[in-house]
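Trainee: give me the fold of what follows.
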Amino acid sequence: MGYGNGYPLFNYYNPFPYYIGGIFSFFLPLIISAKIIFFIPLILAPVAMYFFAKEIFGKLGGFFAGVLYMFAPYRALDTYVRGAVSESFAIAIIPLVAYFALKLIKDQSRKNLIFFSISLAAFLTSHTIMILFFLPLLILMIMFWFSMEGTKNIKWIVYGFVLSLGLSAFFIFPAYFEKDLVQIDNLARFDLDFRAHFVTLTQLFFDRSWGYGASFPGPSDSISFQIGWPHWILVLFPLPLLLILKRKDKKMLFFSVIISLIFVLSIFMTHNKSAFVWEAVGILRFAQFPWRFLAVTIFTTSLLGGCLVYCFKQSLGKIIVFILVITTVLLNWNYFRPQKFIFDLTDQKELTGQLWEIQQKASILDYLPVGAGEPIEPAPDEPIIREGKAEIKNFEKSSNSWKLDLDVISPAKVEIPVMDFPDWKVYEAGKEIQHANDNYVKRISLSLQPGMHLISGRLTNTPIRTASNTISFLSLITIFYLAFYKRSFQQLRCYKRSLKTKFSSKLSNFVYAKIRKFFK
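Mentor: Below is the predicted model:
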């Protein structure tokens, strides 16, 4: 990336979905692998929501909540219009995190602790903005469940949070503590300024148009920001029905009040009346698009849909769910399709010519190293001799290393087509040497004296990255210990206890027989 100069993308952009795609790409074409990581959240989201909502509203309520989540227009927008893989994964995983959190609060089992930790770690490494939106909601729900179920298992939730933070430390800590190494202000400037992307109430509640364009300042967007029908309409009914039909169910009533308030808050945050909040909470500006709060909106509408079904008896509930599911699918299925189909696109075409150049320049301003200018042409295939005279031989470059042989005839300044970033280190015959980056793109440059030089470079970890990797490794070892070793140890202990019992039994029988013989 970086137009061929290298680019620290996954130091700052959440990597989890791309690990999955990377695994598939070992034995499938890249385009098929990409399709798979778009497809997974489409299926995972409703399944995860079903399990979570089932735990609260029962199977019927869970099923309908899953259907609402599956056919929420915003999810179609992420997949088929924006191509937002990471955000789609985060939206799909968060119900799973909530589900295992609730299970852990009810049952302090090792299995629930492991699954809660792993699912939360996957969420934390899926999409940073969704963390900002959903983590307060998750903590609020956990506090509510503790108030209902008691706080005896609170330490297990704390263990889960610590383990998940440890598992995701390899990404979370460097991304935060090394944010000053890149030009992150580019993420909130000009057309990415949140002030240009508020939506209107008409767009949220009544507009049914659909487009494959972009978000523009004002209401003239060429994409849809609707909450969805019947999603927002159903939100109006759970609270009144709970008060009328299930007056004694205070637990469910309180939960619905909390979710309804969060729904209202999420809508408020998409509207320009919330501008003072966006300006007061500085970190929000990196969310870029206020309409991203629709992720929280569809999460709450799905839960309130499940609550609506919960209000009715099983027989009547089945009829209502049947009608509402048909209505939901008919009103929204048409959004879940591509704008066009391209059948002749292959990996070879995608990775050559103009398409490859587009990939190399993608989001080039997002994480440029501090001091680097935007590359305006592809990086050359060979190092550039800026001063003096030298002959370059055997140049090889990968994502985190490079090497070459240099026959320097007169004092020369050589520019390597690799953008400098901490901690690139340069070696000559195995010994580290100094390098500079005094050029527009901040490429690595070397000043060399006449003679033969065997030069190599390697991107090494900073102390923060090394410490974070170590924390993640130790956390992973802990997960394996909890999953396997402790169980084996307990089984061994039980086996020893069993042997001891059998041995004691044989000994007592022997002693009894001797005593009986003596008295005879």
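Trainee: which residues are contacting stretch 338-345?
Mentor: For stretch 338-345, contacts defined as Cβ atoms under 8 Å, 6 or more residues apart in numbering pick out Ile31, Tyr80, Val81, Tyr212. Where you see a C-beta, it was placed from the backbone N, CA and C, and this is true even at glycine.
Trainee: first to last residue in that stretch, what's the distance?
Mentor: The first residue of stretch 338-345 is 15 Å away from its last residue (Cα to Cα, to the nearest Å).
Trainee: got it, and stretch 7-27?
Mentor: 26 Å.
Trainee: where does the stretch 401-520 of the chain dip in pLDDT?
Mentor: 486-520 (pLDDT under 70).
Trainee: now with 80, please.
Mentor: Scanning the stretch 401-520 of the chain for pLDDT under 80 picks out 485-520.
Trainee: tell me where it has helices.
Mentor: Under the criterion DSSP state H, counting those that start in this stretch, the stretch 401-520 of the chain contains helices at 463-480, 486-519.
Trainee: CSV for the contacts of stretch 338-345, including distance to Gly305, secondary structure and neighbour count?
Mentor: Output for the contacts of stretch 338-345, formatted as CSV (distance: Cβ to Cβ, whole Å; DSSP: H, G, I helix; E, B strand; the rest coil; neighbours: other Cβ atoms under 10 Å):
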residue, distance to Gly305, secondary structure, neighbour count
Ile31, 36, helix, 15
Tyr80, 23, helix, 17
Val81, 24, helix, 20
Tyr212, 28, coil, 14
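Trainee: quick one: which of these is nearest Arg386?
Mentor: Top of the list for closeness to Arg386, among the contacts of stretch 338-345 and by Cβ to Cβ, is Ile31 at 39.4 Å.
Trainee: is it true that the closest one touches Gln348?
Mentor: No: using Cβ atoms under 8 Å, Ile31 makes no contact with Gln348, being 10.2 Å away.
Trainee: assign Ala53 to helix, strand or coil.
Mentor: Three-state call for Ala53 (DSSP: H, G, I helix; E, B strand; the rest coil): helix.
Trainee: nearest spatial neighbour of it, skipping sequence neighbours?
Mentor: Ala65 (3.5 Å; Cβ to Cβ, 6 or more residues apart in numbering).
Trainee: got the contact list for the one you found?
Mentor: Counting by Cβ under 8 Å, 6+ apart, Ala65 touches Met49, Tyr50, Phe52, Ala53, Phe57, Ser302, Leu303, Gly305, Gly306.
Trainee: with Phe144 instead?
Mentor: Phe144 touches Phe254, Phe255, Ile258, counting by Cβ under 8 Å, 6+ apart.
Trainee: again, only this time at 6 Å
Mentor: Residues counted as contacts of Phe144 (Cβ atoms under 6 Å, 6 or more residues apart in numbering): none.
Trainee: so after the host helix or strand of it, what's the next helix or strand?
Mentor: Assigning secondary structure by DSSP states H and E places Phe144 in helix 128-149. Moving toward the C-terminus from helix 128-149, the next helix or strand (DSSP H and E) is helix 154-167.
Trainee: part of a strand, is Gln339?
Mentor: No: counting by three-state DSSP, Gln339 is not part of a strand but coil.
Trainee: number of residues surrounding it?
Mentor: By other Cβ atoms under 10 Å, 10 other residues sit near Gln339.
Trainee: over to the closest residue to Lys318 other than its chain neighbours: give its phi and psi.
Mentor: Counting by Cβ to Cβ, 6+ apart, Leu60 is the residue found nearest to Lys318 once chain neighbours are left out, at 6.6 Å. Leu60 adopts backbone torsions of phi -70, psi -50, taken as degrees, to the nearest 10.
Trainee: same thing with Ile227?
Mentor: Taking degrees, to the nearest 10, you get phi -70, psi -40 for the backbone angles of Ile227.
Trainee: pLDDT-wise, which helix or strand of this protein ranks last?
Mentor: helix 486-519 (a mean of 56; mean pLDDT, DSSP states H and E).
Trainee: got the contact list for Ile114?
Mentor: So Ile114 contacts Ile479, Leu482, Ala483 (Cβ under 6 Å, 6+ apart).
Trainee: how about stretch 243-256: buried residues?
Mentor: Judged by neighbour count (16 or more other Cβ atoms under 10 Å), stretch 243-256 contains these buried residues: Met252, Leu253, Phe255, Ser256.
Trainee: of the residues you listed, which is the nearest to Pro422?
Mentor: Distances from Pro422 to the buried residues of stretch 243-256, taken by Cβ to Cβ, are shortest for Phe255, at 47.3 Å.
Trainee: how about that closest one, secondary structure?
Mentor: Here Phe255 is recorded as helix under three-state DSSP.
Trainee: for it, which non-adjacent residue is closest in space?
Mentor: Closest residue to Phe255 apart from its sequence neighbours, by Cβ to Cβ, 6+ apart: Phe144 at 6.4 Å.
Trainee: how much space separates the one you found from Ser164?
Mentor: Noted for Phe144: a distance of 20 Å to Ser164, by Cβ to Cβ, to the nearest Å.
Trainee: what do you get for Trp229?
Mentor: For Trp229 relative to Ser164 (Cβ to Cβ), the value is 36 Å.
Trainee: more crowded one of those two?
Mentor: Taking neighbours as other Cβ under 10 Å, Trp229 and Ser164 compare with Ser164 leading, 24 against 17.
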